[in-house]
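Asks: sequence and predicted structure are below.
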Amino acid sequence: MVKQEVTVLNATGLHARPASMFVQTAGKFKSKIHVIKDGSSINAKSIMGIMAGGIAQGTTIEISAEGPDEQEAVDALVQLINDKFGE
């Protein structure tokens, strides 16, 4: 299992377009991927889960992945967040 903490930097957090981009990116990987916020685990491939997670700008989350491409999955999602979803 690979885990990494990251702080959401973009103005809208993980809502609407950024949430869609996050879920689409997560869906490219075979690994099970979760976002952990305040002790709660959210399936990173669930658009409803991510949007309902209330992940706003400045929130620190942990991205964890377990499976054959776990490192690549975590790296890609952390990079997406650090790039502010292209905003």
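Replies: Received, thanks. Numbering: from 1, shown residues only.
Asks: what are the boundaries of the helices in this structure?
Replies: Assignment of helices within the chain using DSSP state H yields the ranges 17-26, 47-52, 70-82.
Asks: the shortest one packs against which elements?
Replies: Based on contacts counted as 3 or more C-beta pairs under 8 Å, 6 or more residues apart in numbering; DSSP states H and E, the elements that helix 47-52 packs against are helix 17-26, strand 40-43. (Each C-beta comes from the backbone N, C-alpha and C, glycine too.)
Asks: picking up where we left off before, could I get the helices of the chain as a markdown table with mean pLDDT, distance to Lys3 and mean neighbour count?
Replies: As requested, these are exported to a markdown table (pLDDT from 0 to 100; distance: least, C-beta to C-beta, whole Å; neighbours: other C-beta atoms under 10 Å):
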| stretch | mean pLDDT | distance to Lys3 | mean neighbour count |
| --- | --- | --- | --- |
| helix 17-26 | 97 | 15 | 19 |
| helix 47-52 | 96 | 17 | 16 |
| helix 70-82 | 98 | 7 | 17 |
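Asks: looking at the ones you listed, which is nearest to Val6?
Replies: helix 70-82 (4.9 Å; C-beta to C-beta).
Asks: distance between that closest one and the chain's centre?
Replies: The chain centroid and the centroid of helix 70-82 are separated by 8 Å under C-alpha atoms, centre = their mean, to the nearest Å.
Asks: got the angle for that helix vs helix 17-26?
Replies: Here helix 70-82 points in a direction 160 degrees away from that of helix 17-26 (axes from the mean of the first three to the mean of the last three C-alpha atoms, to 10 degrees).
Asks: what residues does helix 70-82 touch?
Replies: Defining contact as C-beta atoms under 8 Å, 6 or more residues apart in numbering, one finds that helix 70-82 is touched by 1-4, 6-10, 21-22, 25-26, 28-29, 31, 33, 44, 63-65, 67.
Asks: recalculate using a threshold of 7 Å.
Replies: Residues external to helix 70-82 that are found in contact with it (C-beta atoms under 7 Å, 6 or more residues apart in numbering): 1-2, 4, 6, 8-9, 21-22, 25-26, 29, 31, 33, 63, 65.
Asks: so which of the helices and strands packed on helix 47-52 comes closest to Met51?
Replies: Where the helices and strands packed on helix 47-52 are weighed against each other on C-beta to C-beta, the nearest is helix 17-26, at 4.9 Å.
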